[in-house]
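Colleague: could you work out the structure for the sequence below:
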Amino acid sequence: MSAPAGGEPPPVRKAASDVTKHPKRLPVTPAGGALPGAAGRSAFTADLQTVLDAFPYYVMLVDSEHTVLAANRAVQTSLGLAPEAIVGGHCPRVVHGTEAPYPGCPLEKACARGCSVECEMHEQDKGRILVSGIYETPLRTAEGRPVYLHTTRDITEQRQAEHALARGERTQSALNRLLRLALEPITLDEVFGRVLEIVATLPWTTFEPKSVIFLADAGGQTLRPAAHRNLSPQALAACAELPVGACVCGLAAQERKTVFARSDAPCHSRHAAGMGPHAHYCAPIVHGDQLLGVLGLYLPPETEEERGQIEFASSVANVLASIIVYRRAEEARLAHERIAATRERLARVGELASGVANLVRNPLQGVLGCMEILEENLDNGSEPRVREPLTLMREGLLRIGRVTDRLLALTQNVPCHPRRTDVFACLEEVCGILADAAAQKGVTLALDAQKDGQAEIDPDRFVEAVANVVGNAIDASRTGGTVTLRARTGPAADQGLLVEVEDQGEGIPAEIRDQVFDAFFSTKPVGKGSGLGLSITKRILDEHGGSVDLASEVGHGTTVRLRFPKFGNP
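Modeller: Below is the predicted model:
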């Protein structure tokens with residue numbers, strides 16, 4: 001009842017006409033002495049047969065010459081032979097229908113090694129895993145040959161349970177690693193990148209080192225790539241805007257279940273140069289009824305759908321959903337805390353600003369007036385040591401006036417009156433206002449905008465908002481750098497207005513990017529900035545029903561995006 005390790009067992013013989021030529025029972029004695037008389041041997045044989053029949057799997061006694069000395073009922077049932085047709089026969093002939101032991105026979109190994117032997121066999125056609133063992137006993141035949149206990153057990157369910165347990169432990173370990181990422185002080189984009197790296201490098205999966213995470217828009221109708229690993233620019237372009245229901249990832253989002261498909265499947269509708277043949281597991285990232293995104297994992301093209309990996313991909317998507325919800329809740333909490341802190345500061349500043357307006361602005365205007373009289377009474381040929389101090393005093397007083405005006409603008413509800421406005425003319429005005437500042441810094445201002453662009457905005461507030469951002473970009477730029485001011489309307493801006501201000505400065509470190517729109521926060525040296533410009537810009541965008549955000553890379557510059565809503569939706 002044995003087979004070569006890792007191979008197919010030899011065919012089982014169902015009948016043998018020459019088996020009866022052998023004695024029905026061969027005398028077997030315990031080592032160290034024979035049993036007393038024929039009656040004793042008969043009792044011993046009967047008791048031994050009873051013990052063997054108690055085993056639920058195949059059990060035989062064989063000697064070193066492969067002679068079958070006893071076989072239990074399980075063997076008899078499996079072979080379909082009576083005991084007389086088995087006992088006394090040559091094991092290879094009776095069981096496997098061969099004249100000689102097959103290569104790797106465990107009895108041959110046990111005899112050669114002088115010890116017990118176990119061999120694991122895989123019956124691919126039956127999907128079974130068997131263990132065939134030869135175990136030494138203290139028994140001897142009448143001729144003195146050693147007697148071995150030969151068993152064959154089906155361990156398929158045991159191995160399946162072991163593999164399921166191991167897979168569960170591996171899966172849980174990987175998921176725990178992913179969950180810990182939610183607590184690390186890194187951005188959500190960095191979390192996505194780490195998740196894809198961990199999943200792609202798990203040695204017990206067949207995932208390729210290619211993957212992508214899509215995030216759904218607010219309406220849950222469109223998917224956009226938020227992070228990827230080793231996808232080509234062509235593949236990203238093909239999937240830049242993926243409607244729910246389109247291609248494999250869109251189908252997974254629509255059906256809210258993990259989908260397996262190959263690249264030649266009808267549902268795989270998006271293709272790009274360089275993709276090559278592949279397969280996918282696409283798992284929806286869902287929280288309750290809300291679609292958050294889709295996880296797309298690449299596989300070799302010959303991969304077959306495997307339940308364990310589908311379950312793992314779904315589990316990773318569930319972890320991503322938990323991370324996204326947790327991080328967004330944390331971001332909302334921190335934003336509310338910042339808003340509350342800003343409101344508290346603004347309330348205090350409001351009281352101070354009212355006093356400043358009365359105690360500073362009026363005397364300030366008087367001092368400026370006196371300075372104008374002094375400057376008018378100076379001769380054109382006056383010494384520089386007299387005129388220069390007056391010029392410096394004027395600049396300092398004007399700066400005080402501008403800070404006072406900004407404080408009042410930040411604390412007062414200045415009405416916003418959106419109306420159809422020529423965007424290009426407003427941007428030209430911004431460039432004109434800041435031309436001198438750019439020239440002094442050695443920075444070029446580049447305007448890239450449609451000359452016929454229209455938007456529903458308050459022109460004065462719009463100019464102020466954009467000028468604040470451009471002014472900061474000039475201050476952040478290196479000498480010889482360029483600040484680019486772009487504007488798009490219509491479909492390119494979701495039917496609204498998109499303004500981008502891009503500089504080539506040092507960039508903003510990730511740990512302070514969320515603070516740049518807070519009132520009184522500034523990265524400039526003391527005396528160079530009030531920390532109010534971007535907070536005023538954000539307030540103006542809020543009044544228009546728009547939004548402002550930025551993208552920055554340390555050492556490569558910053559891009560600030562101002563989004564104004566489409567007509568009729570301020």
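Colleague: mind showing which ranges of the stretch 201-350 of the chain have poor pLDDT?
Modeller: By pLDDT under 70, the low-scoring segments of the stretch 201-350 of the chain are 342-343, 345-347, 349-350.
Colleague: ranges for the strands of it?
Modeller: For the stretch 201-350 of the chain, the strands defined by DSSP state E, counting those that start in this stretch occupy 211-216, 222-229, 242-243, 259-262, 279-287, 290-299.
Colleague: ok, the fourth one: who's next to it in the sheet?
Modeller: With DSSP bridges as the test, strand 259-262 is paired with strand 279-287 (antiparallel).
Colleague: list the buried residues of the strand it pairs with.
Modeller: The neighbour-count check on strand 279-287 (16 or more other Cβ atoms under 10 Å) flags 279-286 as buried. For glycine as for every other residue, the C-beta is placed from the backbone atoms N, C-alpha and C.
Colleague: repeat for stretch 124-135
Modeller: Buried, per 16+ other Cβ under 10 Å, within stretch 124-135: 129-134.
Colleague: quick revisit: please tabulate the strands of the stretch 201-350 of the chain in CSV, including the columns distance to Gly480.
Modeller: Conversion of those to CSV gives the following (distance: least, Cβ to Cβ, whole Å):
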stretch, distance to Gly480
strand 211-216, 38
strand 222-229, 35
strand 242-243, 41
strand 259-262, 52
strand 279-287, 45
strand 290-299, 42
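Colleague: for Ala174, find the nearest of the ones you listed.
Modeller: Proximity to Ala174 (Cβ to Cβ) singles out strand 290-299 among those, at 13.1 Å.
Colleague: what angle sits between the closest one and strand 222-229?
Modeller: 40 degrees (axes from the mean of the first three to the mean of the last three Cα atoms, to 10 degrees).
Colleague: redo the buried residues of stretch 124-135 as JSON lines? Include pLDDT and secondary structure.
Modeller: Listed next are the buried residues of stretch 124-135 as JSON lines, based on pLDDT from 0 to 100; DSSP: H, G, I helix; E, B strand; the rest coil:
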{"residue": "Ile129", "pLDDT": "88", "secondary structure": "strand"}
{"residue": "Leu130", "pLDDT": "88", "secondary structure": "strand"}
{"residue": "Val131", "pLDDT": "91", "secondary structure": "strand"}
{"residue": "Ser132", "pLDDT": "90", "secondary structure": "strand"}
{"residue": "Gly133", "pLDDT": "93", "secondary structure": "strand"}
{"residue": "Ile134", "pLDDT": "94", "secondary structure": "strand"}
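Colleague: wait, which of the residues you listed is closest to Val548?
Modeller: Of all those, Ile129 has the smallest distance to Val548: 63.2 Å, by Cβ to Cβ.
Colleague: ok, that closest one - contacts?
Modeller: Counting by Cβ atoms under 8 Å, 6 or more residues apart in numbering, Ile129 makes contact with 120-123, 154-156, 159.
Colleague: buried among the residues you listed? Make that a PyMOL selection.
Modeller: Filtering the contacts of Ile129 down to the buried ones (16+ other Cβ under 10 Å) takes a single PyMOL command:
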select buried, resi 121+122+154+155
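Colleague: among the contacts of Ile129, which are in helices?
Modeller: 156, 159 (DSSP state H).
Colleague: pLDDT-wise, what's the bottom of the contacts of Ile129?
Modeller: Among the contacts of Ile129, Glu123 has the lowest pLDDT, at 79.
Colleague: dig out what it forms beta bridges with.
Modeller: Beta bridges link Glu123 to Arg128 when assigned by DSSP bridges.
Colleague: cool, Asp549 as well?
Modeller: Arg561.
Colleague: how about Leu297?
Modeller: With DSSP bridges as the criterion, Leu297 is bridged to Ser211, Tyr281.
Colleague: contacting residues for the residue lying closest to Leu299 once chain neighbours are set aside?
Modeller: Leaving aside its sequence neighbours, Leu299 sits nearest to Ala279 (Cβ to Cβ, 6 or more residues apart in numbering; 4.1 Å). Residues in contact with Ala279, defined by Cβ under 8 Å, 6+ apart, are 260-263, 298-301, 303.
Colleague: state the pLDDT value of the residue nearest the centre of the chain.
Modeller: Per Cα atoms, centre = their mean, the C-alpha nearest to the average position across the chain is that of Val195, at 3.4 Å. Val195 is assigned a predicted lDDT (pLDDT) of 90.
Colleague: buried residues in the helix or strand hosting it?
Modeller: Element membership of Val195, judged by DSSP states H and E, is helix 188-200. Of the residues in helix 188-200, 188, 191-196, 199-200 count as buried by neighbour count, 16+ other Cβ under 10 Å.
Colleague: name the helices or strands packed onto it?
Modeller: Applying 3 or more Cβ pairs under 8 Å, 6 or more residues apart in numbering; DSSP states H and E, we find helix 188-200 packed against helix 156-181, strand 211-216, strand 222-229, helix 307-356.
Colleague: mind giving me TSV with these and columns for distance to Gly144?
Modeller: Shown next, in TSV, are the helices and strands packed on helix 188-200 (distance: least, Cβ to Cβ, whole Å):
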stretch	distance to Gly144
helix 156-181	38
strand 211-216	67
strand 222-229	69
helix 307-356	53
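Colleague: tell me the domain ranges of this protein?
Modeller: If you go by automatic domain parsing, the domain ranges for the chain are 19-154, 173-316, 414-564.
Colleague: adding distance to Ala341, write these out as CSV.
Modeller: As requested, these are exported to CSV (distance: least, Cβ to Cβ, whole Å):
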stretch, distance to Ala341
domain 19-154, 65
domain 173-316, 20
domain 414-564, 8
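Colleague: of all those, which lies closest to Ile324?
Modeller: Closest approach to Ile324 among the domains of the chain (Cβ to Cβ): domain 173-316, 5.3 Å.
Colleague: tell me how far the ends of that closest one are from each other?
Modeller: Start-to-end span of domain 173-316 (Cα to Cα, to the nearest Å) is 12 Å.
Colleague: now do Ala161, the pLDDT please.
Modeller: You'll see Ala161 listed with a pLDDT of 85.
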